[in-house]
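Colleague: The following block contains a protein sequence and its predicted model.
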Amino acid sequence: STHPRIAVLPGDGIGPEVMACALEVLHAVGDFTVDEHLIGAAAIDKTGTPLPDASLDGCRAADATLLGAVGTGAVPADPDSPRPEQGVLELRRALGVYANLRPVRAIPGLEDAGPLKADRVRGVDLVVVRELTGGLYFGRRGRTAHDAFDTCAYTRDEIERIARIAFTLAEAKGPAARVTSVDKANVLATSQLWRDVVQGLADREYPHVPLDHLLVDTAAMRLATEPSAFDIILTENMFGDILSDETAVIPGSIGLLASASLPAPIDAGEGVRGALFEPIHGSAPDIAGRGGLASPLGMILSVALMLRYGLGRTGEADAVEHAVDHALREGLRTADLGGTATSHDAKRAVLAAL
Ligand code: NAD
Ligand code: IPM
Ligand code: MN
């Protein structure tokens with residue numbers, strides 16, 4: 001039999017460190033054929049471009065893609081020189097992965113790890129559903145020496161397909177699970193369309209799913225004051241980027257958060273081919289190469305999301321997630337959680353729990 005083919009893009013900074021750990025976990029749960037490719041600053045150094053054709057071809061040919069992180073943290077002096085982050089954006093666009101799922105849970109035993117009071121964190125179990133291939137990230141832009149502009153545009157179809165994903169996730173979670181659609185409809189035209197399309201779809205096809213609309217500024221506050229009020233947060237590209245980093249206060253570190261980026265609706269049976277899986281953190285230049293200060297858990301949990309949403313291997317996905325939970329419950333604490341465990345120790349603890 002042929003094994004699933006996984007394209008692996010370690011990238012920059014802590015990307016290669018966390019990827020090495022995650023691949024060990026992947027190989028511990030099954031047989032996979034892994035092909036490694038360049039992206040980001042590593043790719044610019046070797047080829048002059050942040051996403052070489054060979055890397056994109058490799059991802060297109062694979063059943064799923066794993067990405068570490070890109071970036072050097074530096075803002076280039078020359079605005080026209082290639083930037084590592086363009087590699088990630090071009091990859092998302094080329095793969096058509098419009099649906100970015102960012103699950104966030106309070107991890108039992110870890111309620112004290114973050115800055116929020118433990119009783120606010122306990123029981124939180126939400127998913128940020130971020131539209132990933134539209135909005136400001138992909139609109140027309142321009143820059144001269146004197147001015148610059150970015151444009152935010154959305155079509156009805158782009159909004160409806162991502163909203164459908166959010167309603168499906170709410171249905172799967174249970175009868176009372178709600179969708180909170182986050183926008184800035186008091187100001188932005190795209191948000192006014194967003195609100196209309198989401199409400200229209202709800203009225204027609206998901207009248208049984210509780211739906212609220214929240215302005216993004218209020219949503220940012222509610223996430224910190226009452227995170228347990230959320231089940232599914234549905235939002236556009238830039239708001240989703242910002243709010244999902246804020247959710248790091250729930251488990252206590254951004255190093256724990258994973259994501260799945262899908263080019264098609266969730267297929268609970270077979271999984272969706274051609275999807276992309278990456279932690280939500282970046283290349284963390286401040287801790288890269290410093291003897292294992294990086295938590296590999298977000299990358300390892302991204303492998304679990306790949307097993308579940310990309311390959312339809314629910315059993316193995318559950319096993320990896322339970323192993324991470326178990327290791328944390330047994331006291332695993334990397335530096336970001338105030339402990340002394342290295343990346344290597346964290347990976348060993350997860351492997352031992354598997
Ligand atoms: P970052 O997420 O890299 O780091 C923010 C903070 O979180 C830092 O203090 C870092 O040390 C810490 N951190 C991040 N991941 C961690 C982990 N796994 N374990 C422990 N601590 C962790 O964000 P930044 O510093 O704003 O960005 C650095 C670079 O990464 C930039 O070039 C940015 O564009 C890029 N970036 C890339 C991606 C991606 O590739 N998907 C995502 C976000 C940022
Ligand atoms: C993320 C990152 C990316 C984004 C950057 C690196 C382009 O912050 O995946 O959250 O803004 O989408
Ligand atoms: Mn981000």
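Modeller: Arrived safely. Just so it is clear, the structure is predicted and the values come from calculations on it, not from any experiment. Numbering: from 1, shown residues only. Ligands and ions are numbered 1, 2, ... in the order given.
Colleague: which residue does the stretch 51-200 of the chain bring closest to ligand 1?
Modeller: Nearest to ligand 1, among the residues of the stretch 51-200 of the chain, is G71, at 2.2 Å (CB to the nearest ligand atom). Bear in mind the C-beta positions are built from the backbone N, C-alpha and C, glycine included.
Colleague: Sorry, slip of the keys, the one I care about is the stretch 251-354 of the chain.
Modeller: The stretch 251-354 of the chain approaches ligand 1 most closely through G282 (2.3 Å), counting by CB to the nearest ligand atom.
Colleague: That residue against T72, yeah?
Modeller: No: in this structure G282 lies outside contact range of T72 using CB atoms under 8 Å: 10.1 Å.
Colleague: which residues are in contact with both of those two?
Modeller: Residues touching both G282 and T72 (CB atoms under 8 Å, 6 or more residues apart in numbering) are G13.
Colleague: After the strand or helix carrying R60, which helix or strand is next?
Modeller: In the assignment (DSSP states H and E), R60 maps to helix 53-61. Next helix or strand after helix 53-61 toward the C-terminus (DSSP H and E): strand 64-69.
Colleague: Which strand or helix spans the residue of the stretch 51-200 of the chain closest to ligand 1?
Modeller: With DSSP H and E as criterion, G71 is part of no helix or strand.
Colleague: and it, what does it touch?
Modeller: By CB under 8 Å, 6+ apart, the neighbours of G71 are G11, D12, G13, G40, A41, P84, E85, G282, S283, P285.
Colleague: looking at this, R130 is in a strand?
Modeller: Yes: counting by DSSP: H, G, I helix; E, B strand; the rest coil, R130 is part of a strand.
Colleague: Would you confirm that it contacts G240?
Modeller: Yes: with contact defined as CB under 8 Å, R130 reaches G240; the gap is 2.7 Å.
Colleague: So the two - more neighbours on which side?
Modeller: R130 (28 against 23; other CB atoms under 10 Å).
Colleague: Look up the pLDDT of that one for me, please.
Modeller: We have a pLDDT of 98 for R130.
Colleague: One more: T2?
Modeller: Note for T2: predicted pLDDT of 88.
Colleague: which ones are touching the residue nearest the centre of the chain?
Modeller: The centroid of the chain falls nearest to S259 when counting by CA atoms, centre = their mean (2.7 Å). By CB under 8 Å, 6+ apart, the contact list for S259 reads N100, L101, R102, S244, F277, E278, P279, I280, S302, L305.
Colleague: does it belong to a helix or a strand, and which?
Modeller: Assigned by DSSP H and E, S259 belongs to strand 258-262.
Colleague: Run the angle between that strand and strand 64-69 for me.
Modeller: Counting by axes from the mean of the first three to the mean of the last three CA atoms, to 10 degrees, strand 258-262 lies at 130 degrees to strand 64-69.
Colleague: quick one: strand 258-262 near ligand 2?
Modeller: No: applying CB under 6 Å from any ligand atom, one finds strand 258-262 out of contact with ligand 2, separated by at least 7.3 Å.
Colleague: Report the distance from that strand to the chain centre.
Modeller: Computed by CA atoms, centre = their mean, to the nearest Å, the chain-centroid distance of strand 258-262 equals 5 Å.
Colleague: which other helices and strands contact the helix holding R60?
Modeller: Packing contacts for helix 53-61, counted by 3 or more CB pairs under 8 Å, 6 or more residues apart in numbering; DSSP states H and E, involve strand 5-11, helix 84-95.
Colleague: got a list of contacts for it?
Modeller: 5, 7, 9, 35, 37-39, 43, 65, 87, 90-91, 94-95, 274, 276.
Colleague: circling back to that earlier point, so what sits against both of R130 and G240?
Modeller: With CB under 8 Å, 6+ apart, R130 and G240 have common neighbours N100, R102.
Colleague: related to what we said a few turns ago, quick check: next helix or strand after the strand holding S259?
Modeller: strand 275-279.
Colleague: mind listing what's buried in that following strand?
Modeller: A275, L276, F277, E278, P279 (16 or more other CB atoms under 10 Å).
Colleague: Could you check it against ligand 1 for contacts?
Modeller: Yes: with CB under 6 Å from any ligand atom as the measure, strand 275-279 is seen reaching ligand 1 through E278.
Colleague: Just the residues contacting the following helix or strand past that strand, thanks.
Modeller: With elements assigned by DSSP H and E, the helix or strand that comes after strand 275-279 is helix 297-305. Residues from elsewhere that reach helix 297-305 (CB under 8 Å, 6+ apart): 18-19, 21-22, 25-26, 66, 68, 101, 103, 254-260, 277-281, 316-318, 320-321, 324, 328, 334, 346-347, 350.
Colleague: make it 6 Å
Modeller: Here helix 297-305 makes contact (CB atoms under 6 Å, 6 or more residues apart in numbering) with 18, 22, 25-26, 255-258, 260, 277-279, 281, 317, 320-321, 324, 350.
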